[in-house]
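Asks: Structure for the following, please:
(one chain, ligands or ions: 1)
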Amino acid sequence: MTAVAAKGETTSLDAVIIGAGISGMYMLHRLRGLGLKARVYEAGSDVGGTWFWNRYPGARVDIESQEYSYSFSEELEREWKWSERYAAQPEILRYLNHVADRFDLRPDIQFDTRIASAHFDEAAGRWTVRTEAGETIDAKFCIAATGCLSVPNEPNFKGQETFKGPTYHTGRWPHEGVDFTGKRVAVIGTGSSAIQSIPQIAKQASQVYVFQRTPNYSVPAHNAPIDTAVAQAWLANRDENRQLQKMSTAGFLFSNPREEMATQVGDNERRKVFEERWAQGGFAVGASFADLAVDPAANAMIAEFAAEKIREIVKDPKVAEKLTPKDYPFGTKRLCVDTGYYEVFNRDNVQLIDLKETPLDTITPTGVKTTGAEFEVDAIVFAIGFDAMTGALSKIDIQGRGGQTLNQAWAEGPKSYLGIMVAGFPNFFTITGPGSPSVLSNMIVSIEQHVDWLHDLLAFMGQYGLATIEASPESQTAWVEHVNEAASKTLYPYANSWYLGANVPGKPRVFMPYIGGVGAYRTLCDAVAANGYMGFKLRPAA
Ligand code: NA7
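Replies: You can find the predicted model right below:
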């Protein structure tokens, strides 16, 4: 095991990797395979990233378990057995710990270490990276595996400091868990984390008040113990399935929209497909027809179908109405996949408070006050999301050529070439960075694609004795235009979503992920590599 360098000492590496989540772990594994000296620095006390931090009750993946797993090792895939159709957070964290042990990753991961800065030394062509504790790392490559949803939005409610009870953020849940038995609980936010946790909290709490600013669309997961026949069929066709995932729209088998248009089939046929997909559960609903994400008329059809489902499930028509989204197209805020979310509003101990009707005024010592009423509670859960996609990078002092900071380069919104490099920041890489499919896909598939591509690039650089690689400003400009153009052809820009940074006051409104599709993006990245890393500037050692 590499010893932790003392304050003032310098560790010399080929590559520094920031973050020991799914991407950092796999990156380390692949760089070891190249014989490179790489080391991961992780702020948390163990591996897992998203799955280390998000321990709120009900936290589970919204992609089917066998699809949300590493594909790089067939042995790993065959030996690990998932227990549920959609694995819950503890099981995923066990899986990631198993991966860390099986591939002996821990000796090269330094935990409880937050990276404070990363500066490019132009004369040396290397990165000087500093930890908050004062350790210095000198490395040829700096790889940000910092995650897309890793920096929670900090609650900033008037009066919150006066509240006498405990408060929790879903993205930083206590490891020992929280017992809400007999407690009155306020949950602020109705995104995926709230939608997953509220049904669980309501089982314990005496009363749950749900403070909703914007209703979300949610589709049923139909979670259950894993169907062994499905799991066996997946493994029997593993190579083919993995290839299908890689070339699919969003990195999982049911993400390819059917070719038919909702607007061009008869009412009966359309309803039949919607019903089948709803019964199947999960994101398959969103891929029912090819025109749902691009044609407002088609989108209105799935939106009305979802509204009908809410009205069917929720007994009180007034509550059903409030839970129904009205001011943005279906699927343009991240679709939620739930287990008993709408049903929970039929319980006597759950009350929905519509903050559009009665805005949140203040948090008091004993509860939450809206312009309509005061709700006395014992605990508050902030399920208010993340500073998505750029949050983690913006918190590190990253400086490229000429001392330009990444925050300066991204002042008008993130700019990158292929979502993996930024002009002016040589040898600095962002795994699933803004400008790549990332959060619009099965993250593991996109992570593996970036890591594999980067592995091949670093092998290429080693083979030809190259010192630096950098995105050219022209290729970056063209890519940013392409990312924007792809988004503008869809209905996504019509929602105030975190894809656009709309959930963080002051954040530039730019559609950050690349919506062109996982398969198309992979083909493009492969073509760039096959053409000598077209659009990048590669320089030999001096
Ligand atoms: P999300 O999806 O960003 O949801 C956050 C929720 O919190 C959302 O309903 C917000 O309402 C609400 N929110 C945020 N700030 C406030 C304030 N100030 N007042 C009231 N309500 C507020 O985060 P999640 O953690 O649920 O999910 C993130 C992703 O993790 C998810 O998409 C999956 O990919 C996994 P808004 O819609 O902004 O009006």
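Asks: domains for the chain, by residue range?
Replies: Per the record, the chain has its domains at 10-151+388-540, 152-217+331-385, by automatic domain parsing.
Asks: right, and those - which one's nearest Ala231?
Replies: Relative to Ala231, the nearest member of these by C-beta to C-beta is domain 10-151+388-540, separated by 6.1 Å. C-beta coordinates here come from the backbone N, C-alpha and C atoms, glycine included.
Asks: picking that back up, can the domains of the chain go into CSV with extra columns for mean pLDDT, distance to the ligand and mean neighbour count?
Replies: What follows is the domains of the chain, written out as CSV (pLDDT from 0 to 100; distance: least, C-beta to the nearest ligand atom, whole Å; neighbours: other C-beta atoms under 10 Å):
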stretch, mean pLDDT, distance to the ligand, mean neighbour count
domain 10-151+388-540, 97, 5, 20
domain 152-217+331-385, 98, 2, 19
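Asks: Of these, which is nearest Pro296?
Replies: With distances scored as C-beta to C-beta, the stretch of these nearest to Pro296 is domain 10-151+388-540 (6.6 Å).
Asks: thinking again about what came up before, now tabulate the domains of the chain in TSV and tack on distance to Ser248.
Replies: Formatted as TSV, the entries for the domains of the chain read as follows, by distance: least, C-beta to C-beta, whole Å:
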stretch	distance to Ser248
domain 10-151+388-540	6
domain 152-217+331-385	16
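Asks: For the helix or strand encompassing Val40, name the packing helices and strands.
Replies: Secondary-structure element containing Val40, defined by DSSP states H and E: strand 38-41. For strand 38-41, the helices and strands in contact under the criterion 3 or more C-beta pairs under 8 Å, 6 or more residues apart in numbering; DSSP states H and E are strand 10-18, helix 22-33, strand 109-110.
Asks: Note down every partner strand of whatever helix or strand comes next after the shortest one and its orientation.
Replies: Sequence-wise, the next helix or strand downstream of strand 109-110 (DSSP H and E) is strand 115-121. Paired strands of strand 115-121, with direction, are strand 126-131 (antiparallel), strand 397-399 (parallel) (DSSP bridges).
Asks: Which residues does strand 115-121 contact?
Replies: Strand 115-121 is contacted by residues 16, 18, 41, 43, 126-132, 142, 396-401, 403, 425-428 when judged by C-beta atoms under 8 Å, 6 or more residues apart in numbering.
Asks: Ok, stretch 459-467 next?
Replies: When contacts are taken as C-beta under 8 Å, 6+ apart, the neighbours of stretch 459-467 outside the stretch itself are Leu34, Gly125, Lys140, Ile469, Ala529, Tyr533, Leu538, Arg539, Pro540, Ala541, Ala542.
Asks: what's the most distant pair in the residues you listed?
Replies: Greatest spacing in the contacts of stretch 459-467, by C-beta to C-beta: Ala529 and Ala542 (24.9 Å).
Asks: Look up phi and psi at the closest residue to Phe386 other than its chain neighbours.
Replies: Counting by C-beta to C-beta, 6 or more residues apart in numbering, Phe386 lies nearest to Leu149, which is 4.3 Å off, once chain neighbours are set aside. The main-chain torsion angles of Leu149 are listed as degrees, to the nearest 10 and equal phi -130, psi 60.
Asks: which ones are touching Leu149?
Replies: Residues touching Leu149, when contacts are defined by C-beta under 8 Å, 6+ apart, comprise Thr50, Gly171, Gly385, Phe386, Ala388, Met389, Val439.
Asks: Name whatever forms a beta bridge with Phe382.
Replies: Residues in a beta bridge with Phe382, per DSSP bridges, are His169, Ile188.
Asks: Hmm, it is touching Tyr168, no?
Replies: Yes: contact between Phe382 and Tyr168 holds when scored by C-beta atoms under 8 Å: they sit 6.9 Å apart.
Asks: returning to what we had before: please report how far the residue nearest to Phe386 lies from Asn54.
Replies: From Leu149 over to Asn54 the distance is 8 Å, taken as C-beta to C-beta, to the nearest Å.
Asks: what is in contact with the two at once?
Replies: When contacts are counted by C-beta under 8 Å, 6+ apart, Leu149 and Asn54 have Gly171 as shared neighbours.
Asks: residue ranges for the strands of the stretch 251-400 of the chain, please.
Replies: For the stretch 251-400 of the chain, the strands defined by DSSP state E, counting those that start in this stretch occupy 336-338, 350-354, 360-364, 367-370, 374-376, 379-382, 397-399.
Asks: Now do the third one and strand 350-354, the angle between them.
Replies: Right, strand 360-364. Interaxial angle, strand 360-364 versus strand 350-354 (axes from the mean of the first three to the mean of the last three C-alpha atoms, to 10 degrees): 130 degrees.
Asks: for strand 360-364, packing partners?
Replies: With contacts taken as 3+ C-beta pairs under 8 Å, 6+ apart, strand 360-364 sits against strand 367-370.
Asks: Can you show me the CA trace of the strand it packs on as CSV?
Replies: Output for strand 367-370, consisting of C-alpha atoms alone and laid out as CSV, is shown next (Å, rounded to 0.1, in the frame of the first residue of the first chain):
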residue,chain,number,x,y,z
GLY,A,367,-41.7,23.6,11.9
VAL,A,368,-42.3,24.9,8.4
LYS,A,369,-44.4,28.0,7.7
THR,A,370,-45.9,28.7,4.3
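Asks: and it, which strands flank it?
Replies: Taking DSSP bridges as the criterion, strand 367-370 pairs within the sheet with strand 360-364 (antiparallel), strand 374-376 (antiparallel).
Asks: contact partners of that strand?
Replies: The contact list for strand 367-370, computed with C-beta under 8 Å, 6+ apart, reads 159, 163, 186, 188, 209, 211, 353, 355, 358-363, 374-377, 380.
Asks: hang on, the earlier thing: dump the helices and strands packed on strand 38-41 into a markdown table; add distance to Phe345 as well.
Replies: Putting the helices and strands packed on strand 38-41 into a markdown table (distance: least, C-beta to C-beta, whole Å) gives the following:
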| stretch | distance to Phe345 |
| --- | --- |
| strand 10-18 | 41 |
| helix 22-33 | 34 |
| strand 109-110 | 43 |
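Asks: do you know which of those lies nearest Pro220?
Replies: Nearest of the helices and strands packed on strand 38-41 to Pro220, taken as C-beta to C-beta: helix 22-33 at 25.9 Å.
Asks: how far is the helix ranked longest in the chain from where the chain is centred?
Replies: Of all the elements of type helix in the chain, the one with the most residues (DSSP state H) is helix 443-463. Remark: helix 443-463 is offset 19 Å from the chain centroid, using C-alpha atoms, centre = their mean, to the nearest Å.
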